[in-house]
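K.L.:
Predicted coordinates and the sequence they were generated for:
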Amino acid sequence: MKLAQSDIARRVAADIPHGAYVNLGIGMPMLVADYPQPGREFVLHSENGLLGLGPAPSKGQEDYDLINAGKEPVTILPGGSYFHHADSFAMIRGGHIDISILGAYQVAANGDLANWALPGPKPPAVGGAMDLVAGARQVWVMLSAHVSKDGTPKLVQRCDLPLTGLACVDRVYSDLAVIDITAQGFVVTDIVAGLSEGELRAKTGAPLLFSQQCRLMPATQVAA
Amino acid sequence: MIDKRVKNLTEIVAACPDLKDGATILVGGFGDAGVPERLIDTVRDLDLRGLTVVSNNAGSGDYGLATLLKAGSVAKMICSFPRSAGSVVFEELYQAGKIELEIVPQGTLAERIRAGGAGIPAFYTATGYGTPLAAGKETREFDGRHYVLERAIRADIALIHARTGDRWGNLTYPKTARNFNPIMAMAASTTLAEVRRFVDQVPPEEVITPGIFVTRMVEIGERR
């Protein structure tokens, strides 16, 4: 009982208000660009100097002067613009971006985020994550899986990995639930159909409250 | 008559006292977009030592910045994201302890360079507060929020990639290949630009980098 990445992305896109300026992080958040919402327009920002990010180009139409933060070729929509890096991060740091959507290794019940450094010999790499969580008005985290590969919860009481920002995450979308971060900690607003509250608690490393209006999300149908 | 155009790559690095062992060099580009590859190759052939290179990424594959790293010219990298796919040369040097790394949040990197070009010695930003990247840095509270003091970056040389340029040094950039190039052009004692196409005059309203920031430029032809 869980949501595929495409269904998480579709749900996130459905929650973005009309007129919002939204930054999509590298990886899974980029999928949100594939779900334009009829009757609503929002403008996607790419940290490397682009407003009006469009869907991926068709094969053979790639332009390597026109890329996203993940260095993949993209397109630009009507009304879009190009700008240099200092302007791009003035938009971010200056509070002009309504929503930053990014991935995470860990999110704590107080909204602390860890998403840039893991133990090991590889060099650390932060990119724009610290600027985004410090500057965007809201920070949404997308998790392709509620727990890591070895079953360890990604939602925790306290992050033990190096922090990206303090008390900065507002909401988490995982394959199992949508969870708001409030003064009382994690509050579940949506849970995947077929999963019990107890099962979700068992996969979460901090106490969960359930909203009075907690809704059921249909699980992604997997072909037998 | 002012004319910043030179005939070839040999001429652009000739009589350039700032291009020396131990120099700090700003290198434009984000991923593979807007990287001044011809200028990097030319600097590599000078076989300098002990360079500090400031660039968003640390090269990938066996071209661009990776060739300068492979040649052993670079003692220190200042960047936000040295872990892109294919950053093999940098990772090997890093894991062998043969290169120093300073990781800087991307927006802080951009603003440090912008500040360097604008005569601002340091500035406060909320980015990174409470994280390992702010460890040991001066902090201050403004209106109830915590900020970190960050120093400007000034360099001896900037290597820039541009789309069009005129004899006065006015430049335009292709799409998202603009990225760090305009702010780096401002922040160095000597700014060298590789330009895809020389034009008689860049229309004044379309100038992105005014010629005051450019020392010399060379024409390299359209993107391969």
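P.N.:
Nice, thanks for sending it over. Residues are numbered from 1 along each chain as shown, chains lettered A, B, ... in the order given.
K.L.:
Could you use CA atoms for every contact and neighbour count after this?
P.N.:
Noted.
K.L.:
Can you point out the buried residues in the longest helix seen in chain A?
P.N.:
Of all the segments assigned as helix in chain A under DSSP state H, the longest by residue count is helix A:5-15. Taking 16 or more other CA atoms under 10 Å in any protein chain shown as the basis for neighbour counts, the residues of helix A:5-15 that come out buried are A:5-13.
K.L.:
just for chain B, where's the confidence low?
P.N.:
Within chain B, the set of residues satisfying pLDDT under 70 comprises B:224.
K.L.:
What are the boundaries of the strands in it?
P.N.:
Secondary structure of chain B (DSSP state E): strands at B:5-6, B:24-27, B:51-54, B:74-79, B:100-103, B:122-125, B:139-142, B:145-151, B:155-165, B:171-172, B:188-198, B:216-219.
K.L.:
now these as CSV including distance to chain A and mean neighbour count?
P.N.:
What follows is those, written out as CSV (distance: least, CA to the nearest CA, whole Å; neighbours: other CA atoms under 10 Å in any protein chain shown):
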stretch, distance to chain A, mean neighbour count
strand B:5-6, 24, 18
strand B:24-27, 13, 26
strand B:51-54, 14, 24
strand B:74-79, 9, 22
strand B:100-103, 7, 17
strand B:122-125, 8, 17
strand B:139-142, 15, 13
strand B:145-151, 10, 18
strand B:155-165, 11, 26
strand B:171-172, 11, 26
strand B:188-198, 13, 22
strand B:216-219, 18, 24
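K.L.:
need the residues of chain B near chain A, please.
P.N.:
Among all residues of chain B, those adjacent to chain A (criterion: CA under 8 Å from any CA of the partner chain) are B:30-34, B:80-83, B:91, B:94-95, B:103-108, B:110-111, B:114, B:126-132, B:174-183.
K.L.:
Please flag which of the residues you listed sit within helices.
P.N.:
With helices taken from DSSP H, the overlap with the residues of chain B next to chain A comprises B:91, B:94-95, B:106-108, B:110-111, B:114, B:181-183.
K.L.:
Which members of those residues are the farthest-apart pair?
P.N.:
When CA to CA is used, the two most widely separated members of these are B:95 and B:182, lying 32.3 Å apart.
K.L.:
So the two - more neighbours on which side?
P.N.:
residue B:182 (26 against 12; other CA atoms under 10 Å in any protein chain shown).
K.L.:
where do the strands sit along chain A?
P.N.:
Listed in chain order, the strands of chain A (DSSP E) span A:21-24, A:43-46, A:50-54, A:75-82, A:99-102, A:106-108, A:113-114, A:138-142, A:155-156, A:171-173, A:177-182, A:185-192, A:208-217.
K.L.:
Any regions of chain A where pLDDT drops low?
P.N.:
Using pLDDT under 70 as the threshold, the predicted model of chain A has low-confidence ranges A:223-224.
K.L.:
For residue B:43, give its distance to chain A.
P.N.:
Counting by CA to the nearest CA, to the nearest Å, the separation of residue B:43 from chain A is 23 Å.
K.L.:
ok, how many other residues are close to that residue?
P.N.:
Neighbour count for residue B:43, taken as other CA under 10 Å: 19.
K.L.:
Close to chain B: what parts of chain A are there?
P.N.:
When proximity is defined by CA under 8 Å from any CA, chain A lies next to chain B at A:48-50, A:64-67, A:71, A:82-86, A:89-90, A:93, A:121-131, A:133-135, A:162-166.
K.L.:
ok, now which ones touch residue 4?
P.N.:
Let's take chain A. With contact taken as CA atoms under 8 Å, 6 or more residues apart in numbering or on different chains, residue A:4 is in contact with A:144, A:175, A:220.
K.L.:
switch to chain B, that's the one I care about
P.N.:
Under the criterion of CA under 8 Å, 6+ apart, the contact list for residue B:4 reads B:167-169, B:214-217.
K.L.:
cool, and residue B:2?
P.N.:
Each residue near residue B:2 by CA under 8 Å, 6+ apart is listed here: B:167-168.
K.L.:
outside of stretch A:22-41, which residues touch it?
P.N.:
Surrounding stretch A:22-41, the residues in contact under the criterion CA under 8 Å, 6+ apart are A:5-6, A:9-10, A:12-14, A:17-20, A:42-47, A:53-55, A:69-70, A:97-103, A:129, A:142, A:144.
K.L.:
What residues sit buried inside it?
P.N.:
A:22-26, A:28-33, A:35.
K.L.:
Now the two most distant members of these.
P.N.:
Greatest spatial distance among these (CA to CA): A:26 and A:35, at 16.4 Å.
K.L.:
Please measure how far the first residue of stretch B:64-74 sits from its last one.
P.N.:
The separation between the terminal residues of stretch B:64-74, taken as CA to CA, to the nearest Å, is 13 Å.
K.L.:
which residues are in contact with it?
P.N.:
If you take CA under 8 Å, 6+ apart as the criterion, stretch B:64-74 is touched by B:35-38, B:40-41, B:43-44, B:47-53, B:58-60, B:87, B:89-90, B:99.
K.L.:
ChimeraX command to pick out the buried ones of these?
P.N.:
Here is the ChimeraX selection string for the buried members of the contacts of stretch B:64-74, based on 16+ other CA under 10 Å:
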select /B:35,36,37,38,40,41,43,44,48,49,50,51,52,53,58,59,60,87,89,90,99
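K.L.:
Any idea what the residue lying closest to residue B:138 once chain neighbours are set aside is bridged to?
P.N.:
Across the structure, with CA to CA, 6 or more residues apart in numbering or on different chains as the measure, the residue nearest residue B:138 apart from its sequence neighbours is residue B:149 (5.4 Å). Beta-bridge partners for residue B:149, by DSSP bridges, are residue B:124.
K.L.:
how near is residue B:149 to residue B:136?
P.N.:
Between residue B:149 and residue B:136 the computed distance is 10 Å (CA to CA).
K.L.:
for residue B:146, same thing?
P.N.:
For residue B:146, the distance to residue B:136 under the criterion CA to CA works out to 14 Å.
K.L.:
ok, back up a step: nearest to residue B:160, of the buried residues of stretch A:22-41?
P.N.:
residue A:26 (25.5 Å).
K.L.:
so how far is residue B:41 from the closest one?
P.N.:
30 Å.
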